[in-house]
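S.K.: Fold the following for me, if possible:
(chains A and B)
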Number of protein chains: 2
Amino acid sequence: MAQSADLGFIENPLDRLHPLREDAAALAGLIARDDARAFVFAGDRPLLAGSSANGATALFAHDQAVRLAPDGEEVFLGLDGTRRPVLARRRAPIEDGEGWTGPEVGDLRALALSGALPAAEVGMMALAASMLGWHANHPHCSRCGAVSQMRIGGFRRDCAACGAQHFPRTDPVVIMLVHDGERALLGRSARFPAGMYSAIAGFVEPGETIEQAVARETREETAIAVGRVSYHSSQPWPFVSSLMIGCHATAASREIKVDPAELEDAIWVGRAELAQALRREGPIKVPPSIAIAHWLIRAYVSGEV
Amino acid sequence: MAQSADLGFIENPLDRLHPLREDAAALAGLIARDDARAFVFAGDRPLLAGSSANGATALFAHDQAVRLAPDGEEVFLGLDGTRRPVLARRRAPIEDGEGWTGPEVGDLRALALSGALPAAEVGMMALAASMLGWHANHPHCSRCGAVSQMRIGGFRRDCAACGAQHFPRTDPVVIMLVHDGERALLGRSARFPAGMYSAIAGFVEPGETIEQAVARETREETAIAVGRVSYHSSQPWPFVSSLMIGCHATAASREIKVDPAELEDAIWVGRAELAQALRREGPIKVPPSIAIAHWLIRAYVSGEV
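M.R.: Numbers count the residues shown, from 1 in each chain, chains lettered A, B, ... in the order given. Model prediction:
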């Protein structure tokens, strides 16, 4: 259950005001408040509101956000740590060559990594990115194909044609550090930077437990059989909307056979080499501390598991 | 991480053959095999194939399943424990008064509860019910509204109109027994049978951890503040397609204030009373052993947490 302050997207002060979302008049009152703030995403990329007196921020005054994204849908995220209403709006992507002269266009992953924004803002932006991404991919009713309408601040879409209600989607993903006591199993995807290896991961499918998903994904990707599984911690991952479920697992076999459709390589790495990688030394690179894989490796190296 | 054999839907011998799903010719070969079997659902209700020499079963010979559900979509679940291909098909619901003379129409929850079918079949049926339910609610592309097409044995739907790919959905749900050492917090929904109380539960939302969802849902439904959260076990719940994430949590406050939109009542119940309820004695009823809430309560009563 350990959670580190450095893990990305987990510091989130929002009071989501869940029951209040359903009260359209109350919601409209909150949105109209002078202190209402909003994130603005151009496609998947957040705009930066620049340095304020208190430091860098991606929160715009709400009326400014409306001008920056006049046609986009808007979601209501909740009240922030100072009880300001916080919203999020999405506008068309801004292409590099189009001569945009508005606010700087950022990258959510890079912002989480750099620490340039307050961790609480990055956490709220994870919710914003997941919600806006869901709406962008769900303007139509999946049951009848009609255009659906956003409701309760964006936490539901209703279809007037067939009556279906649709809710934002969160995809559970297992990510597991499999170990045999002396060594841990790491894999690398072809899209990773050179030298980078990480814990094995995959989507939980319908009809299986977390523990079964850990075993199935490990077997599918590396042919390694898994014994005991233990939960470590979790993290929202907003690319697009995953719930990362971090586990450790003991290995019940040793011979790796990689599925080339999933991984480019998988290897056993000893504790000492992992400790070196965490210090950013040696030939193997591991994910940075914003990623839950980093903390799974750290817990293993420290002997917690 | 404890998992009991009595917990519903967790015994599942399927080899899902994930990489092979993508090979249409290989898949067709498996489906054409003489030993291929299939579940048939009439809407949400499984048909029963009757008593075989080896006992009751809901698995039909594949050609018989095609006759029972000639127009329905078909999903490929994998190979069962004896390496037979197993599929699932869905047909129109069968209404009570329509004079149906075919196989008996069952109820998945009642079948899990009664133990009338092998546990492995009930586990495979959980996957079948989730997959068929997802297809029934997703014939159209949520991005453009066009009719989409089932692919890779039903584990994807592709939209020929806009190119979108859609994957089966699994909704993570936290279910938590909150306790203060001496007593545990139980709630009852208006739709529960008389006297029944259970652990608090709710959907994980985008942008939050499991631990944050436990705290938020408990606070929203009962106003109780939560301290330390610890993971216990998980369970697929096929009504429609949830991943139940079972936790224990310590209470950081005592005064209950129920949200009437979510719960009819919430109460603190002592260990002795819970032990009585597990023995099916006393005024309070708790969920049966197919439900993860039962095992969260049992672990608390036994002093495991």
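S.K.: How far does stretch A:244-262 sit from its chain's centre?
M.R.: Relative to the chain's own centre, stretch A:244-262 is displaced by 22 Å; criterion: CA atoms, centre = their mean, to the nearest Å.
S.K.: whoops, stretch A:167-176 was the one
M.R.: Counting by CA atoms, centre = their mean, stretch A:167-176 comes out at 9 Å from the chain centroid.
S.K.: ok, and for it, which residues are buried?
M.R.: Neighbour-count burial for stretch A:167-176, with 16 or more other CB atoms under 10 Å in any protein chain shown as criterion, is recorded at A:168-176. All C-beta spots, glycine's among them, are computed from the backbone N, C-alpha and C.
S.K.: OK, contacts around A:Ala293?
M.R.: By CB atoms under 8 Å, 6 or more residues apart in numbering or on different chains, the contact list for A:Ala293 reads A:175, A:177, A:198-199, A:201, A:246, A:286-287.
S.K.: could you redo these as TSV and give each row distance to B:Leu186 and secondary structure?
M.R.: Output for the contacts of A:Ala293, formatted as TSV (distance: CB to CB, whole Å; DSSP: H, G, I helix; E, B strand; the rest coil):
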residue	distance to B:Leu186	secondary structure
A:Ile175	33	strand
A:Leu177	36	strand
A:Ser198	41	strand
A:Ala199	37	coil
A:Ala201	35	strand
A:Gly246	29	strand
A:Val286	43	coil
A:Pro287	40	coil
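S.K.: so which of these is the most crowded?
M.R.: The most neighbours of any of those, using other CB atoms under 10 Å in any protein chain shown, belong to A:Ala199, which has 29 neighbours.
S.K.: quick one: that residue and B:Arg33, what's the gap?
M.R.: Using CB to CB, to the nearest Å, we find A:Ala199 at a distance of 37 Å from B:Arg33.
S.K.: ok, now A:Gly81?
M.R.: Relative to B:Arg33, A:Gly81 is positioned 60 Å away (CB to CB).
S.K.: Now whichever residue of the stretch 51-200 of chain A sits closest to chain B: which helix or strand?
M.R.: Residue nearest to chain B within the stretch 51-200 of chain A: A:Leu127 (2.8 Å; CB to the nearest CB). Secondary structure from DSSP states H and E places A:Leu127 in helix A:119-137.
S.K.: OK, contacts around the residue of the stretch 51-200 of chain A closest to chain B?
M.R.: Taking CB under 8 Å, 6+ apart as the definition of contact, the neighbours of A:Leu127 are A:12, A:14, A:77, A:88, A:236, A:238, B:205-208.
S.K.: now it: how far from B:Arg216?
M.R.: As for A:Leu127, its distance to B:Arg216 is 12 Å (criterion: CB to CB).
S.K.: just A:Pro236 next, same as before
M.R.: Spatial separation of A:Pro236 from B:Arg216 under the definition CB to CB is 13 Å.
S.K.: How about stretch A:49-63 and chain B, any contact?
M.R.: No: interface with chain B: stretch A:49-63 contributes nothing (CB under 8 Å from any CB of the partner chain), its closest point being 14.7 Å away.
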